[in-house]
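Participant: below: sequence and its predicted model.
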Amino acid sequence: MHRVILGVILLLAAPLALAQTIKIAILGPMSFVQGEHHWNGAEMARDEINKAGGVSVGGKRRQIELVRADTNEIQSVPDATNAIERVITRDKVDFLIGGFRSEAVLAMQEVAMDNKKLFLGVGAAHSKLGLNVEQNYDRYKYWFRVSPTKDVDLARTLFAVLNSIGQQIRTDLKTETPKVAILAEKAVWTEGLVAAAQKNLPAMKMEVVGLWQPSAVATDVTAELSAIDRAGAQIVFTMLSGPVGISVGRQMGERGMKAVAWGINVEGQKEEFWQAAAGKAQFVSTLDTYSEVEYTPKTIPFVRAYQARFRKAPTYTAATYDAIMLLKDAIEKVGSTDADLIVAYIEKVEHVGTGSVATFDKRHDLVWAVGKTSGIAVQWQDGKKVPFWPPNVKGMQPFKMPAR
Amino acid sequence: MLQDILVTGLVNGGVYALLAIGFSLIFGVARIVNIAHTAFYMLAAYCFYTLLTKGGVGFALAGITAVVAVTLLSLVCYKLVIEPVREHESAVLISTIALGLIFQELMLAAYGGNFLGVPSAIEGVVQVLGVSIPYQRLLILIVAALMLVATWFFLHRTRLGLAVRATANDLEVANLMGMNVHRVAMATVAISVALAAVAGVVVSPVFVVDPFMWLAPLVTMLAIVVLGGLGSLKGSVIGALIIGYVEAITVFALPAGAYLKGAVALLIMVIVLLVRPEGLFGVAFEEER
């Protein structure tokens, strides 16, 4: 009889126990590095919060429960919208975090907004995501971009670092006007950056020797690099998100090019890049988010803990950690999981994360500031990613040029 | 710029030629529409990568093992997937597409979507007309030439080669003449896949290895074989060089349109086919036969 009573109690208590969790969907291409780091960052945040007793919601402690949603967005945008539909309707998640490919995130944003679900973006940079908030606040206010900064602000960082490298080339090579080759994959996200580069570089006293636009999935750029060599470029200004970034790094090394590569090279941000480029990508540099530098007080402890747990350094999509911590802070402060209350709180807060000190503008984009949300610049030196910018952050090391 | 185009076009054409020879044999000569052909090339690259970087095996042993393993796998696939539907071209087409996708998903599950790098067998570069060429690319040119000669010798100087050409010409007559057409087809698949595997081993150090690396070469190979003329090895090599040179010219003449190099190459193919529907050397082959 006692067993029956106990069984009934357990059955009745089961839904209550489930209700004690806060369900967060982590959306990312889980078969790829980006999704892997989305998930890793989220797991670290979940374990840390749950170990400390969970999230206090109006005085009650609730545990974080993660739902792993493989969006497969690198291969298929419809797969991404299916994934987000599934976690909202079947898994009944409370919050959405992640996304990587802008085209897919734009589509997922629509589904999230249809369902009035708070969606903290970690991965996509396209301006349209924030523009939607500005143009139709009531519908899109549930969207925030936690990482990275929007594409226009990425450009501001790129030019700031490029200016610094240009100064070094002026000094080292004794030239007044460094020659720059723009090497940008043909994609929507590079269009604004290319136009800005062509306009700004002459004003920065740099000569643009040409624009080369290979496919994002090109595995052979020997013809492009040969032409860049012939044009006498001293800097190769890269805007690459696909595997072409590996080909550029490797083939520049194989050819022994004297030009140095700087820009966005998403593959170059990954720990696996050096191996993928067969150890040839010496001096390739790229915008990045994480390194063992005191970007914020939380950066070094996070990077070390991540490396200890996963045996690799985090990439920028690991900022799911920051997104969950921001969410926890918001829920505890407003005492509720109500999306409207949380939106109002996040709009006003300054959150010190591991990859940025985040405040949000009217588009719910990060407010750009060097040393706060600009990210860092790193250069591959002898198999290691060495941080070299911004110079005011403690832990930066010198930027190196190929021997001439 | 002229020397850049000459050298770059030749080297890139050599890479395509190496890939095209096996495809030309299976698709052009034996007329088996094996869409999974470049998927075997991808498998060989993964096998080579794994043996070399994880297994600590040397270049030669890793390369030979990869080629042998993938060739044996192709025989199993032939018996299970191609032979039962061999007489229906569209069924072979669909089955081999499925096979290619299965291999792709298996590699995605096993290795993830990461891009992997294979070290070069020979390090260093050589300057030709002021253009830097890595030794690995020269190796590809040499291997492509050797494979071409070997394949030509096989087709024209061996009894099995004669049987391959005969079954391709008329399957039923070849059968009536006492040839075991299934065994001939199986041998053709094995040899062409071995060529694809050699390409995977030799070419992977200059590209990146990933589960989708079989798709882009597939389109290019189809274009080259059709451009050169079905069944003509010579045509395939010349088609490969044409594609290599057209791509180089596109990049040098139109830097901001470098992404168009593939499209321009395919456009050239369409133009050639409009003028000469049988391809560049299609008729010559028919006459030879």
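Facilitator: Sure thing, it's come through.
Participant: in the sheet, who's paired with A:Ile70?
Facilitator: Slight slip there: residue A:70 is Asp, not Ile. A:Gly28 (DSSP bridges).
Participant: tell me who's in contact with it.
Facilitator: Contacts for A:Asp70 were tallied using CB atoms under 8 Å, 6 or more residues apart in numbering or on different chains; they are A:Gly28, A:Pro29, A:Met30, A:Ser31, A:Gly35, A:Ala83. In this view, the C-beta of every residue, glycine as well, is placed from N, C-alpha and C.
Participant: those residues: which two are farthest apart?
Facilitator: Checked with CB to CB, the contacts of A:Asp70 reach their widest spread between A:Ser31 and A:Ala83, with 12.6 Å between them.
Participant: of these two, which one has the most company?
Facilitator: Taking other CB atoms under 10 Å in any protein chain shown, A:Ser31 and A:Ala83 do not tie; A:Ala83 has more neighbours (26 against 20).
Participant: and the closest residue to B:Val173 other than its chain neighbours, how many neighbours?
Facilitator: Nearest residue to B:Val173, sequence neighbours excluded (CB to CB, 6 or more residues apart in numbering or on different chains): B:Ala166, at 7.7 Å. For B:Ala166, the neighbour count with other CB under 10 Å is 18.
Participant: so how far is B:Thr188 from B:Ala166?
Facilitator: Using CB to CB, to the nearest Å, one gets 12 Å for the distance from B:Ala166 to B:Thr188.
Participant: among the contacts of A:Asp70, which one lies nearest to A:Arg101?
Facilitator: Taking the contacts of A:Asp70 together and measuring to A:Arg101 by CB to CB, the closest member is A:Pro29, at 7.7 Å.
Participant: just checking, the closest one touches A:Ser76?
Facilitator: No: here A:Pro29 lies out of contact with A:Ser76, judged by CB atoms under 8 Å, at a distance of 9.7 Å.
Participant: of those two, which one has the most company?
Facilitator: Set A:Pro29 next to A:Ser76 and count neighbours by other CB under 10 Å: A:Pro29 wins out with 29 against 15.
Participant: end to end on stretch A:198-218, go ahead and measure it.
Facilitator: 23 Å (CA to CA, to the nearest Å).
Participant: and the closest residue in space to B:Leu254 that isn't next to it in sequence, which of the three is it?
Facilitator: Closest residue to B:Leu254 apart from its sequence neighbours, by CB to CB, 6+ apart: B:Leu260 at 7.0 Å. Classification of B:Leu260 by DSSP: H, G, I helix; E, B strand; the rest coil places it in helix.
Participant: residues near B:Leu260, how many?
Facilitator: 18.
Participant: ok, which stretches of the chain are helices?
Facilitator: I went with chain A, as the question did not name one. Using DSSP state H, the helices assigned to chain A run over residues A:2-19, A:33-51, A:77-89, A:102-114, A:128-135, A:137-140, A:151-173, A:188-203, A:222-230, A:244-255, A:273-276, A:299-310, A:320-334, A:339-346.
Participant: wrong one, I was asking about chain B
Facilitator: Using DSSP H, helices in chain B cover B:2-23, B:37-49, B:59-77, B:89-111, B:135-157, B:159-169, B:171-176, B:181-203, B:215-228, B:233-253, B:261-275, B:282-288.
Participant: any chance of the ones you listed in a markdown table, with mean pLDDT too?
Facilitator: What follows is the helices of chain B, written out as a markdown table (pLDDT from 0 to 100):
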| stretch | mean pLDDT |
| --- | --- |
| helix B:2-23 | 81 |
| helix B:37-49 | 95 |
| helix B:59-77 | 95 |
| helix B:89-111 | 93 |
| helix B:135-157 | 88 |
| helix B:159-169 | 85 |
| helix B:171-176 | 83 |
| helix B:181-203 | 90 |
| helix B:215-228 | 86 |
| helix B:233-253 | 85 |
| helix B:261-275 | 83 |
| helix B:282-288 | 50 |
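Participant: for A:Lys362, which non-adjacent residue is closest in space?
Facilitator: A:Glu134 (5.9 Å).
Participant: gap between the one you found and A:Asp361?
Facilitator: 9 Å.
Participant: ok, A:Ile84 - contacts?
Facilitator: Listed by CB under 8 Å, 6+ apart, the contact set of A:Ile84 reads A:Ala25, A:Leu27, A:Ala69, A:Thr71, A:Leu96, A:Met108, A:Val111, A:Ala112.
Participant: tell me the contacts of the third one?
Facilitator: Contacts for A:Ala69 were tallied using CB under 8 Å, 6+ apart; they are A:Ala25, A:Ile26, A:Leu27, A:Gly28, A:Ala83, A:Ile84, A:Arg86, A:Val87, A:Gly98.
Participant: any idea how far A:Asp94 is from the fifth one?
Facilitator: It stands for A:Ala83. With distances taken as CB to CB, A:Ala83 is found 16 Å from A:Asp94.
Participant: cool, and the first one?
Facilitator: Distance, A:Ala25 to A:Asp94, using CB to CB: 9 Å.
Participant: and these two? which has more neighbours close in?
Facilitator: Neighbours per residue, other CB under 10 Å: of A:Ala25 and A:Asp94, the larger number sits with A:Ala25, 27 against 20.
Participant: the more buried one and A:Ala358: what is the separation?
Facilitator: Remark: distance between A:Ala25 and A:Ala358 (CB to CB) = 21 Å.
Participant: what residue of chain B is the furthest out?
Facilitator: Using CA atoms, centre = their mean, the residue of chain B lying farthest from its centre is B:Leu176. It sits 31.6 Å away.
Participant: what comes up buried for stretch B:83-90?
Facilitator: For stretch B:83-90, burial by neighbour count (16 or more other CB atoms under 10 Å in any protein chain shown) applies to B:Arg86.
Participant: how far is it from where the chain is centred?
Facilitator: 22 Å (CA atoms, centre = their mean, to the nearest Å).
Participant: only alpha carbons, please: show that stretch as CSV.
Facilitator: Listed next in CSV are the C-alpha coordinates belonging to stretch B:83-90 (Å, rounded to 0.1, in the frame of the first residue of the first chain):
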residue,chain,number,x,y,z
GLU,B,83,25.6,-4.5,-60.1
PRO,B,84,21.9,-5.2,-59.1
VAL,B,85,20.8,-2.1,-61.2
ARG,B,86,23.6,-2.1,-63.7
GLU,B,87,21.3,-2.2,-66.7
HIS,B,88,19.3,0.8,-65.7
GLU,B,89,21.4,3.9,-66.1
SER,B,90,19.1,6.1,-64.1
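Participant: A:Gly395 reaches A:Ser291, doesn't it?
Facilitator: Yes: counting by CB under 8 Å, A:Ser291 is a contact partner of A:Gly395 at 7.4 Å.
Participant: who has more neighbours, those two?
Facilitator: A:Ser291 (22 against 13).
Participant: now do the phi/psi pair for the more buried one.
Facilitator: Phi and psi for A:Ser291, reported as degrees, to the nearest 10, are phi -160, psi 170.
Participant: so it versus A:Thr354, what's the distance?
Facilitator: Distance of A:Ser291 to A:Thr354, computed by CB to CB: 11 Å.
Participant: what touches both of the two?
Facilitator: Common contact partners of A:Ser291 and A:Thr354 (CB under 8 Å, 6+ apart): A:Thr299, A:Val303.
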